[in-house]
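**Q** Sequence below, structure please.
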Amino acid sequence: AVQREAAELREHAYLSHAELRAAGGIGDMYDTLLVYENFPPGGLVGSGDFDLGDAVIRPSALESLAHFPVTIAAHPTDGQLTVLVETLDGALGLLDAEALGRRVLTVVRRLLDRWDRPLREVAITIDDESGQKAPNDTARYGGGFHTVFTEAAADRLGSVALTWAGGELTFRELDEAADRVAAELVRRGVTAETPVPILLRRSPEYVIAMLAVLKSGGLVVPLDPGMPAERIQEILTQTGAGLIVDDEFMTTVGEQPIPDFRPAEVRPGQGAYIVFTSGTTGKPKGVIGTHQALLAYAADHARNVLRPAGRRLRIAHAWSFTFDAAWQPLVALLDGHSNHIIGDEVQRDAEALVAEIARFGIDMIDTTPSMFAQLRGAGLLSTVPLTVLALGGEAIGTTLWRSLSELDGVAVHNCYGPTETTVEAVVASADPAHEVDQNIGEPVPAWAPKKTAEFWNGRPVVWTSMWGGRWGVWKHGQFITLSSNPVTNGG
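**A** Now for the predicted structure:
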């Protein structure tokens, strides 16, 4: 019956998978497909002639009907394993298909050679990568994000750390408020890497709650009251969270006396936050950023974006807290700069946002190119100045890049990085000598471990790493490393 149905569908075989999904109104269904075939293709793949007796057929080309960005097929051919790698143009970035095939074969050979050995002994690097080391200057900060913040606060207790339309908090006040909330979290059972969802409106309380979760040792899970209820519930279910920091929780803490509280110590590679993907390919997936990765990013951001300004900056926080980009303004606190929290009612109103930038003397904003076009139309840079402008989240056109490169008195940066690379992977400074499509900038220091998580019964099951090459499993409350693959700046 199955073969009969398949035969009836052959007249539609010219339709691609994407076209079939579009016709059915279905979005992306998966990003990885494993197909097991119980028959060998034989000479169709990887060999030469077909000897048919009176005739010999010699294949001149092999055409596949696969429509996926990357397809890897393994076939036994004449007693040997043949790996066929097909890619769409650009799917592998700087990596070519042959290199990917060699990596697959190398890892398979190691698996066979070490069949009865622990999986941690099977490295995923190939021979010419095994000697690579991470750069040395990424360790600008040590410890956890919260401990570095407390150290920074101790040097400028009376300086303003946060402002918003209704008030301000000094570094001392922000640190003490976070201690109060953290002490309550610990009292309620939060320990190392306990997922703690935060469900608050845009306000200084959100920043207080984030610092408090880190101080308690937990993982920040940012939520937004404007999210669909089913998405919030899906994230809560995946994380298995038993505690939510919301308005009721913050009211309970109130103005309690400053507790005798000692912030959690952070071990190397400990998770700091979980940002969930949009879920367009299925259920939302959690991406876990580590303290180490966050601090590596903070050090690079301070060195290359903030300090060249030569003075303390007031930086607009206009990103949604549910995006990893929300950390871009916050890491500036570690270097003594201040944040201005843009309220919900102003965040998407270009004219109101420009007016707030002018009113509070904001020096820097990080936004998308499309939002910047609206802000510029409302007077940003022409009547309301900036010292630093960072753009990200979307591609920048050559015309816009050229016009920004010719500005005087404002430093412009193009920032790019998927969530898995801890906010940013590469940063380019505007330079009229380089078109944006010719210069994507310099990579953020590569030793920034990142873990992606699938949850089962409220616990991460498998964590992997794009950036630091870290693989492992969650077991008995700890992340067990299986192998390591640090990459270099040029990787």
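**Q** and residue 182, helix, strand or coil?
**A** The assignment at residue 182 comes out as helix when based on DSSP: H, G, I helix; E, B strand; the rest coil.
**Q** ok, for it, nearest residue in space, not its chain neighbours?
**A** Using CB to CB, 6 or more residues apart in numbering and skipping the chain neighbours, the partner closest in space to residue 182 is residue 215 (3.7 Å). (Glycine included, C-beta is placed from N, CA and C.)
**Q** Work out which residue lies at the spatial centre of this structure.
**A** Nearest residue to the geometric centre of the chain (CA atoms, centre = their mean): residue 419, 1.4 Å.
**Q** burial count for the residue nearest to residue 182?
**A** 27 (other CB atoms under 10 Å).
**Q** Can you tell me the SS state at it?
**A** Once three-state DSSP is applied, residue 215 turns out helix.
**Q** In the protein, where is pLDDT below threshold?
**A** 17-18, 25-48, 61-67, 77-78, 89-95, 127-142, 268, 279-282, 432-491 (pLDDT under 70).
**Q** Just to check, the residue nearest to the centre of the chain is in contact with residue 286?
**A** No: here residue 419 does not reach residue 286: they are 10.0 Å apart, not a contact under CB atoms under 8 Å.
**Q** any common contacting residues for these two?
**A** Residues touching both residue 419 and residue 286 (CB atoms under 8 Å, 6 or more residues apart in numbering) are 275, 277.
**Q** Render the CA-only coordinates of stretch 76-88 in CSV, please.
**A** Output in CSV follows, covering the C-alpha atoms of stretch 76-88 (Å, rounded to 0.1, in the frame of the first residue of the first chain):
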residue,chain,number,x,y,z
PRO,A,76,28.7,1.2,1.3
THR,A,77,30.4,0.9,-2.1
ASP,A,78,32.5,-2.1,-3.1
GLY,A,79,33.4,-2.8,0.6
GLN,A,80,34.2,0.8,1.3
LEU,A,81,32.3,3.6,3.0
THR,A,82,31.6,6.5,0.7
VAL,A,83,30.4,9.9,2.2
LEU,A,84,28.5,12.2,-0.2
VAL,A,85,28.3,15.8,1.0
GLU,A,86,25.9,18.2,-0.9
THR,A,87,25.4,21.8,0.1
LEU,A,88,23.6,24.8,-1.2
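**Q** Run the chain-centre distance for it.
**A** Taking CA atoms, centre = their mean, to the nearest Å, the mean C-alpha location of stretch 76-88 is offset from the chain mean by 33 Å.
**Q** That stretch: which residues count as buried?
**A** For stretch 76-88, the neighbour count (16 or more other CB atoms under 10 Å) marks 77, 82, 83, 84, 85, 87 as buried.
**Q** which of those lies closest to residue 340?
**A** Of all those, the one sitting nearest residue 340 is residue 87; the distance, using CB to CB, is 44.7 Å.
**Q** Now the closest one: phi and psi?
**A** phi -140, psi 150 (degrees, to the nearest 10).
**Q** the strands in the stretch 251-400 of the chain, which residues?
**A** Here the stretch 251-400 of the chain has its strands, by DSSP state E, counting those that start in this stretch, at 271-276, 286-290, 314-317, 338-341, 364-367, 388-392.
**Q** I meant to write the stretch 101-250 of the chain there.
**A** Here the stretch 101-250 of the chain has its strands, by DSSP E, counting those that start in this stretch, at 160-164, 167-170, 195-199, 219-223.
**Q** Of all the ones you listed, which one is nearest residue 403?
**A** Comparing those by CB to CB, strand 160-164 comes nearest, at 30.5 Å.
**Q** how about that closest one: buried residues?
**A** Applying 16+ other CB under 10 Å to strand 160-164 flags 160, 161, 162, 163, 164 as buried.
**Q** tell me what that strand is packed against?
**A** Counting contacts by 3 or more CB pairs under 8 Å, 6 or more residues apart in numbering; DSSP states H and E, strand 160-164 packs against strand 167-170, helix 171-187, helix 204-216, strand 338-341.
**Q** Name the strands paired with the first one and say parallel or antiparallel.
**A** It stands for strand 167-170. Partner strands for strand 167-170, per DSSP bridges, with pairing direction: strand 160-164 (antiparallel).
**Q** what ranges do the helices span in the stretch 51-200 of the chain?
**A** Assigned by DSSP state H, counting those that start in this stretch, the stretch 51-200 of the chain shows helices spanning 97-113, 145-154, 171-187.
**Q** For those, give me JSON lines that also has distance to residue 24 and mean neighbour count.
**A** Formatted as JSON lines, those follow (distance: least, CB to CB, whole Å; neighbours: other CB atoms under 10 Å):
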{"stretch": "helix 97-113", "distance to residue 24": "30", "mean neighbour count": "14"}
{"stretch": "helix 145-154", "distance to residue 24": "45", "mean neighbour count": "20"}
{"stretch": "helix 171-187", "distance to residue 24": "46", "mean neighbour count": "21"}
